[in-house]
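> Next one to model:
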Amino acid sequence: MIFLERKKILIAVALLSLVVVGFAATQWRSYSIPSMDIDLFLDGKIHVKETIHYSFKGTWHGINRKILDDNQSIENLNVSECAWRIL
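So this is what the prediction gives:
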């Protein structure tokens with residue numbers, strides 16, 4: 001009887017530990033946008049230049065961003081990145 005009680009307690013502690021470790025792992029990742037600049041140029045068309053600075057904490061593999069709705073179009077799209085890291 002005592003063996004079964006100890007086994008149940010050990011299983012409960014192990015499961016609780018997994019939950020705590022899993023929750024802590026999700027807290028190590030975050031990002032913010034410390035600055036964003038938008039320049040608009042009008043000459044019959046709208047030319048937009050955006051400079052967005054992201055700050056990442058933890059392991060990341062980039063950002064996904066939806067620019068257009070389904071019924072819109074865009075021409076001459078240029079996307080670039082400047083990857084630098086402050087240690």
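> Would you map the strands across this protein?
Per DSSP state E, the chain carries strands over the ranges 30-42, 46-57.
> Which strands border the longest one, and is each parallel or antiparallel?
To tie it back to what came earlier, the one meant is strand 30-42. Partner strands and pairing direction for strand 30-42 (DSSP bridges) are strand 46-57 (antiparallel).
> Buried ones in the strand it pairs with, by neighbour count?
Of all the residues in strand 46-57, not one is buried under the rule 16 or more other C-beta atoms under 10 Å. Glycine gets a C-beta too; all of them are placed from N, C-alpha and C.
> and it, average pLDDT?
In this model, strand 46-57 has a mean pLDDT of 84.
> what's it in contact with?
With C-beta atoms under 8 Å, 6 or more residues apart in numbering as the test, strand 46-57 has contacts from 28-41, 63.
> what ranges of this structure fall below the confidence cut-off?
Scanning the chain with the threshold set as pLDDT under 70 gives 1-4, 18-27, 83-87.
> Can you give me every residue that contacts Gly58?
28-30.
> could these go into a markdown table alongside neighbour count and distance to Val13?
Shown next, in a markdown table, are those (neighbours: other C-beta atoms under 10 Å; distance: C-beta to C-beta, whole Å):
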| residue | neighbour count | distance to Val13 |
| --- | --- | --- |
| Trp28 | 9 | 23 |
| Arg29 | 11 | 26 |
| Ser30 | 11 | 29 |
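> Distance to Ile11 for those residues - can I get that in CSV?
Supplementary listing: these in CSV, determined by distance: C-beta to C-beta, whole Å:
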residue, distance to Ile11
Trp28, 27
Arg29, 29
Ser30, 33
